[in-house]
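Undergrad: here is my input, please return the structure:
(one chain, ligands or ions: 2)
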Amino acid sequence: MLDDATASSLSSLSLSELCEEVADQFKARFGDEPCWMVAAPGRVNLIGEHTDYNGGFVLPAAIDRYVVIAAGPSADETARLVAADIADEAKIQVRGAIHPGPVMWANYIQGVVAGFAARGVRLPCFNALLRSTVPLGGGLSSSAALEVATATMLEAMLEEELDPIEKALLCQEAEHKFAGVPCGIMDQFSSVLCQQDSFMLLDCRSQSVELIALDAPDITILIANSNVKHELTGGEYARRRAECETAAQILGVATLRDATCEQLESFREQLGTTNHRRAKHVVGEIARTLEAVQAIRDSRWQDVGELMYASHASLRDDYEVSCAELNLLVDIAQGIGKPNGVIGSRMTGGGFGGCTVSLVKTSAAESVAESLAEQYFQKTGIQPTLFTTRPARGAHRIK
Ligand code: ADP
Ligand code: MG
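TA: Ligands and ions are numbered 1, 2, ... in the order given. Okay, the predicted model is just below:
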């Protein structure tokens, strides 16, 4: 049987409830109503995994889970931050030479502040309190949501909006320089640019964006967090990137975006088994992403589902970034199958743990979630966390 925590995990605080609680907590902590409030969502990638750094396509949507920040002016020389979810506080610099500080979570905010300061903007000092319904470290991009919420808060304070692409790139740079994470552009682009009821087709080479409407109320996104994270000491992410670069070099193309299946076959020997399999995933995944876009446009949901399963198999077998728990979640979903409302399922995010994304019939979402959780728990002894979402709105100012 499901315990109460799992059964109730399908729902969480709505955005307006979260904002209300954050405003109350801000007042309790700093004595005043907040002047500014902003929200920025996490994201889930429907298909197009490990294609971003190969100049390929990705197809994320913002999820109905947000980082909310409430802020007000302060007479201090620094900014005082409260992370209410983890009951921690930190001070960061707003002026002068800005460097990463000792508190890791505060560096995501510090990095964005530094990005604004580097543009020659004189920022006011402020107090801020933040909370989030995006799970931390679950592959749904709580870090990008935090950066983009910070940038949106600074825009509100300055009463000036950045160009959305410039804003996303500034946040990406903050993650590179202040958190030391060499991430691609998908997460920050999603949190800034996604719109309600749409997936976002992002061309990671040209950085151009096209919205793909999800106007089928009978289709729901179900996210299952395996609640495992296998820390791989060998730097698997960096190794995959290097393998892709080597493969591109051997094929004589700038990135694997420019490679074809025929090229892969004719260079099979020069590439060697591992590089060939890595490149095969990337070239196949880029094609699958574009096919999925066409299938969504045509409402060919069964085809979208098949592409999701194919994506998972490729990430598991050729790219080798899945893990037993993610494979199990996808196998269970596939076993529940079409007659019971599952359209497709795959791991989402970098891999080695984190979440799966499934498309399910809205009417069956609850029963699918329940049997997924139950079967996963039976086999692993781990309670997964599940929730449904529709493609949500990108970052915006609340107050
Ligand atoms: P993901 O982006 O997949 O959730 P990351 O490891 O990239 O995982 O980012 C998680 C980190 O972001 C946390 O360890 C923390 O430093 C920071 N973070 C995100 N959300 C919050 C929050 N609500 N409060 C404090 N820190 C947060
Ligand atoms: Mg992250």
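Undergrad: got the phi and psi for the nearest residue to residue 13 once chain neighbours are set aside?
TA: With sequence-adjacent residues excluded and distances taken as Cβ to Cβ, 6 or more residues apart in numbering, residue 13 is closest to residue 133, at 5.7 Å. Where you see a C-beta, it was placed from the backbone N, CA and C, and this is true even at glycine. For residue 133, the backbone dihedrals (degrees, to the nearest 10) come out as phi -110, psi 10.
Undergrad: beyond whichever helix or strand residue 16 is part of, next helix or strand please.
TA: Secondary structure from DSSP states H and E places residue 16 in helix 15-30. Once helix 15-30 ends, the next helix or strand along the chain (criterion: DSSP H and E) is strand 36-45.
Undergrad: helix or strand right after the longest helix anywhere in the chain?
TA: If each helix of the chain is counted by residues according to DSSP state H, the longest one is helix 268-297. Counting by DSSP H and E, the element after helix 268-297 in chain order, helix or strand, is helix 301-317.
Undergrad: next, the buried residues of that next one.
TA: The neighbour-count check on helix 301-317 (16 or more other Cβ atoms under 10 Å) flags 301, 303-316 as buried.
Undergrad: show residues contacting it.
TA: Helix 301-317 is contacted by residues 46-47, 49-50, 216, 219, 277, 280-281, 284-285, 288, 291-292, 295-296, 321-322, 327, 330, 334, 338, 342-347, 351, 357-359 when judged by Cβ atoms under 8 Å, 6 or more residues apart in numbering.
Undergrad: now residue 117: how far from residue 77?
TA: According to Cβ to Cβ, to the nearest Å, residue 117 stands 14 Å off from residue 77.
Undergrad: so those two - more neighbours on which side?
TA: Set residue 117 next to residue 77 and count neighbours by other Cβ atoms under 10 Å: residue 117 wins out with 18 against 11.
Undergrad: hmm, stretch 83-98 touching ligand 1?
TA: Yes - Stretch 83-98 reaches ligand 1 (Cβ under 6 Å from any ligand atom) through 83, 85, 86.
Undergrad: isn't the second one right up against residue 131?
TA: Yes - contact criterion Cβ atoms under 8 Å: residue 85 and residue 131 qualify, at 5.4 Å.
Undergrad: contact residues of the stretch 1-150 of the chain facing ligand 1?
TA: Residues of the stretch 1-150 of the chain lying close to ligand 1 (Cβ under 6 Å from any ligand atom) are 67, 83, 85-86, 104-105, 108, 130, 132, 136-143, 146.
Undergrad: can you tell me which of the residues you listed are in strands?
TA: By the criterion of DSSP state E, membership of these in strands covers 67, 83, 130, 132.
Undergrad: distance check, the one residue in the stretch 201-350 of the chain that gets nearest to ligand 1 against residue 384.
TA: In the stretch 201-350 of the chain, the residue that lies nearest ligand 1 is residue 349 (6.7 Å; Cβ to the nearest ligand atom). Between residue 349 and residue 384 the computed distance is 15 Å (Cβ to Cβ).
Undergrad: where does pLDDT dip in the protein?
TA: 1-11, 232-234 (pLDDT under 70).
Undergrad: kindly recompute the last result at 90.
TA: The chain contains residues with pLDDT under 90 at 1-12, 76-77, 95-97, 121-122, 137-139, 181-184, 215, 230-235, 237-238.
Undergrad: for residue 343, list the residues it contacts.
TA: 219, 301, 302, 304, 305, 308, 358, 359, 360, 361.
Undergrad: wait, a strand at it?
TA: Yes - assigned with DSSP: H, G, I helix; E, B strand; the rest coil, residue 343 falls within a strand.
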